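In: quick one, fold the following:
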Amino acid sequence: MTPNKSPWWWVPTLYFAEGLPYVTVMTLTVILYKNMGMSNTDVALYSGWLYLPWVIKPLWSPLVDMFSTKRRWIILMQFLIALGLAGVALTLPMSSFFTWSLACFYMVAFFSATHDIAADGFYILALDTHGQSLFVGIRSTFYRIATVAAQGGVVVVAGLLEKHLESVSDAWSTVFMGMSLFFFLISFYHWWVLPVPAADRAGCGGVSRKATLSEFFNIFKRFFMKPGIVQAIMFMLLYRLPEAMLVKLINPFLLDSAAAGGLGMSTEQVGITYGTVGIIGLTLGGIIGGIVVARGGLGNWLKPMAWSMSLTCLTFLYLSMMPDSSLLTVNICVFVEQFGYGFGFTAYMLYLIYFVEGPDATAHYSICTGFMALGMMLPGMAAGWIQEQIGYPMFFGLTIACCAFTIGMASIIKINPSFGKK
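Out: Predicted structure coming up:
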């Protein structure tokens with residue numbers, strides 16, 4: 001254990017380790033189960049339930065403060081994530097793979113959500129204000145790198161192994177065993193490299209557990225008494241409705257055969273198109289969104305960002321009606337849609353920051369992220385069944401109709417026009 005290591009030793013690896021299991025649970029499960037022959041209904045429904053730990057994580061976040069240190073929570077959760085991923089690898093070759101692998105994924109989701117709580121808290125305790133500002137871009141960058149590594153690199157490797165091993169279950173079992181080994185190693189690495197901040201101790205800084213629980217409930221009470229709470233919750237749940245419907249069906253659409261209405265892409269092509277090109281578009285959209293808000297203010301850019309998130313959904317409607325599109329066209333469409341989503345999502349995240357301003361900002365932001373996850377979870381669970389009833393073209397048409405909620409929510413909320421402006 002080396003408490004005086006530079007943050008460069010642990011901030012990048014900590015946030016890479018935070019992003020990887022989230023993307024694994026949210027995205028890789030969809031591709032895995034689709035390749036294993038599951039229906040879109042089952043894929044969307046059961047993978048949608050995996051959002052639940054992120055929806056309810058504010059409910060157990062006080063436990064991370066009350067028991068042990070955040071440093072120990074981080075190391076323990078990474079070790080347990082390794083065990084959960086190993087469980088996935090071992091259960092995939094079984095005849096009852098779906099039940100047992102899904103149970104392992106639920107454990108990984110719970111451990112990952114708990115790891116998020118501990119890691120974000122540890123970041124604040126281990127760095128002073130200057131250090132937090134200095135490394136905030138670094139942590140975001142490595143979280144995004146984890147997204148590319150999982151949705152892009154891991155999927156491409158899985159696709160190549162599928163061809164080499166001629167077995168989907170063996171290929172993905174090998175991939176998840178490799179990821180498990182990574183988390184075993186990273187947990188030991190962080191045991192050695194993470195600092196030991198004096199402020200990182202159990203018991204909420206000497207405050208009694210009874211007082212902590214009392215304050216916990218008061219925080220929720222103050223949150224639901226904030227002015228404009230009804231409009232704010234509606235915004236959190238409905239602004240991303242089109243993307244919540246779309247995200248669970250993008251990979252199945254890319255993978256499905258032309259006879260099933262899809263584009264018939266291979267697993268490695270999906271890894272490159274959605275997991276790499278798409279993530280680049282998403283990242284650039286977010287960066288440019290931040291720049292324009294800094295210049296013009298969120299109030300002035302909220303509606304254009306809502307329209308951006310809405311209109312780019314048309315790209316998938318186009319692809320569903322033109323199944324013979326070239327790979328270049330598919331990549332351009334995915335890039336445009338993800339760019340528009342990243343640009344529009346900037347408004348969402350900044351509105352959450354605006355809404356939670358005040359003495360309880362950190363705790364209230366955590367509650368908002370629960371509503372954010374719920375807004376993605378519920379529509380996503382139903383999306384697969386809806387698509388199988390009406391087909392891909394009408395389903396993507398429905399996501400366009402849902403854009404009315406995005407634009408409507410951007411119209412009902414009140415916000416200081418200059419918020420976010422430099």
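
In: use CA for all of it now, contacts and neighbours both
Out: Noted.

In: give me the contact list for stretch 168-184.
Out: With contact meaning Cα atoms under 8 Å, 6 or more residues apart in numbering, stretch 168-184 is reached by 17, 32, 35-36, 78-79, 81-86, 88-90, 92-93, 154, 157-159, 161-162, 165.

In: so which of those residues sit within strands?
Out: In strands, judged by DSSP state E, none of the contacts of stretch 168-184 are found.

In: show the buried residues in these.
Out: If you count burial by 16 or more other Cα atoms under 10 Å, the buried members of these come out as 17, 32, 35-36, 78-79, 81-86, 88-90, 92-93, 154, 157-159, 161-162.

In: which of the contacts of stretch 168-184 fall in helices?
Out: If you go by DSSP state H, the contacts of stretch 168-184 have 17, 32, 35, 78-79, 81-86, 88-90, 157-159, 161-162, 165 in helices.

In: where's D200 relative to T114, distance?
Out: 16 Å (Cα to Cα, to the nearest Å).

In: burial of the closest residue to R240 other than its chain neighbours, as a residue count?
Out: Once flanking residues are discounted, R240 sits nearest to T406: 6.4 Å by Cα to Cα, 6 or more residues apart in numbering. For T406, the neighbour count with other Cα atoms under 10 Å is 25.

In: got the contact list for T406?
Out: L238, Y239, R240, L241, P242, A306, W307, S310.

In: now swap in R240 and tell me
Out: Per Cα under 8 Å, 6+ apart, neighbours of R240: G375, M376, T406.

In: which ones among these map onto helices?
Out: Using DSSP H, those in helices are G375, M376, T406.

In: the second one contacts L241, doesn't it?
Out: Spelled out, that is M376. Yes - between M376 and L241 a contact is recorded at 7.2 Å, counting by Cα atoms under 8 Å.

In: now S180: which helix or strand?
Out: Secondary structure from DSSP states H and E places S180 in helix 168-193.

In: buried residues, that helix. List them.
Out: Within helix 168-193, the residues that count as buried by 16+ other Cα under 10 Å are 168-180, 183-184, 186-187, 189-191, 193.

In: kindly report the same for stretch 92-106.
Out: By neighbour count on 16+ other Cα under 10 Å, the buried set for stretch 92-106 is L92, P93, F97, F98, W100, S101, L102, A103, C104, F105, Y106.

In: what's the most distant pair in these?
Out: Largest separation among the buried residues of stretch 92-106 by Cα to Cα: P93 and Y106, giving 18.4 Å.

In: and the angle from the helix holding S180 to helix 155-165?
Out: Counting by axes from the mean of the first three to the mean of the last three Cα atoms, to 10 degrees, helix 168-193 lies at 130 degrees to helix 155-165.

In: tell me the mean pLDDT over helix 168-193?
Out: The average pLDDT within helix 168-193 is 93.

In: how about stretch 46-59?
Out: 87.

In: run through who's touching it.
Out: 25-26, 29-30, 105-106, 109-110, 113-114, 248, 366-367, 369-374, 376-378, 380-381.

In: and that stretch, which residues are buried?
Out: 46-58.

In: next step: these restricted to helices.
Out: Those of the buried residues of stretch 46-59 mapping onto helices are Y46, S47, G48, L52, P53, W54, V55, I56, K57, P58, per DSSP H.
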